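# Here is a sequence together with a model predicted from it:
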Amino acid sequence: MEVGAVAAMRYVKDGIKAAKLVMKHTQHTLIVGEQASVFAISMGLSGPSNLSSAESIEKWIKWKENSCRPNFRKNVSPANGCGPYHPQNDASAITENKCENFIYGGDLSINIKSDFSHFDRQNHDTISMAVIDKVGRIAVGTSTNGATFKIPGRVGDGPIAGSSAYADDEVGACGATGDGDIMMRFLPCYQVVESMRQGMEPKHAAVDAISRIARKYPNFVGAVFALSKKGVHAGACHGWTFQYSVRTKEMEDVEIFTVTPYTATKAYGNKN
């Protein structure tokens, strides 16, 4: 039950290493923002670094040219512009000050609605991995750059224990990816592990966790994998076709498993 996480960390490339440093060298669980960067660099990670690439800058320029659309904001004015934003129909928020010194920042938004299936293989970068060592200890980790054009300061499900990842040596582990702003409301990986603790097979635990979200948000996009302490694994997804990979000591190479979108009666699992 050792946990370490960082969130809203800028200028440091190795987020997952920073999270491990929090776990190994502090009594905290989560460090965020500028001070997460300071901590990571003080503990030996490279930085501060410019993490922008030619590709990301080009995407940002095109987004700005498109009036900062799409983005994650809702019920705000201007609805089709780059701000400054204020609550829609809130006259008190409109002043003569044009906010000439307003800083927009470089990491801005994308609009997520309950019916917005933006997340697919081309525009997400979550990596979640679970490992069982030869004496049965289990570790799980998740690293992500987050949603494209997110509002500055946004924290998704990646660093939230129980949402994008969870593990217990007595039971097993889980990893997740997808629409983190929806999924984190359900702590799906905690749910998967607790369901396995109660005797559910991994494939049923994975489907159960996904179905709980789908009942409330029928158009969300996401997936989980479940791994028991005995090495039984499974996945479940909704809104896309999901793939995860497995390797055991008996296997010569990684094997990829494809999971089709969730229905009430279907999941995919395998014993290795």
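Received the coordinates, thanks.
# pLDDT below threshold where in this structure?
90-124, 263-272 (pLDDT under 70).
# who's in contact with the residue most central in space within it?
Ranked by distance to the mean C-alpha position of the chain (CA atoms, centre = their mean), the top residue is G158 at 3.7 Å. Counting by CB atoms under 8 Å, 6 or more residues apart in numbering, G158 touches 7, 126, 142-144, 146, 164, 180. For the C-beta atoms, the positions are set from N, CA and C on the backbone; glycine is no exception.
# tell me the secondary structure for T142?
strand (DSSP: H, G, I helix; E, B strand; the rest coil).
# Run a quick neighbour tally on it.
27 (other CB atoms under 10 Å).
# before we move on, what SS does I31 have?
At I31, secondary structure determined by three-state DSSP is strand.
# again with I61
helix.
# what do you get for V38?
Going by three-state DSSP: V38 is helix.
# Next, count neighbours for it.
Neighbour tally, V38, other CB under 10 Å: 16.
# Please name the residues that touch V224.
Each residue near V224 by CB under 8 Å, 6+ apart is listed here: 174-176, 188-189, 192, 206, 209-210, 235-237.
# Tabulate those in TSV, adding columns for neighbour count.
Putting the contacts of V224 into TSV (neighbours: other CB atoms under 10 Å) gives the following:
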residue	neighbour count
C174	32
G175	26
A176	30
P188	31
C189	31
V192	33
A206	34
A209	29
I210	31
G235	27
A236	31
C237	27
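# Return the subset of those lying in helices.
188-189, 192, 206, 209-210 (DSSP state H).
# quick check, nearest of these to E250?
Closest approach to E250 among those (CB to CB): A206, at 23.2 Å.
# The closest one - nearest residue in space that isn't next to it in sequence?
A236 (3.7 Å; CB to CB, 6 or more residues apart in numbering).
# Could you measure from N219 over to K59?
Plainly put, N219 is 25 Å away from K59 if you go by CB to CB, to the nearest Å.
# ignore the last one, P48
22 Å.
# Most widely separated two among the contacts of G158?
Taking CB to CB, no two of the contacts of G158 sit farther apart than A7 and T126, at 14.0 Å.
# What segments of the stretch 101-250 of the chain are helices?
Under the criterion DSSP state H, counting those that start in this stretch, helices of the stretch 101-250 of the chain are mapped to 180-183, 188-197, 202-216.
# Reformat the ones you listed as a markdown table; add distance to R137.
Below are those laid out as a markdown table (distance: least, CB to CB, whole Å):
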| stretch | distance to R137 |
| --- | --- |
| helix 180-183 | 26 |
| helix 188-197 | 15 |
| helix 202-216 | 18 |
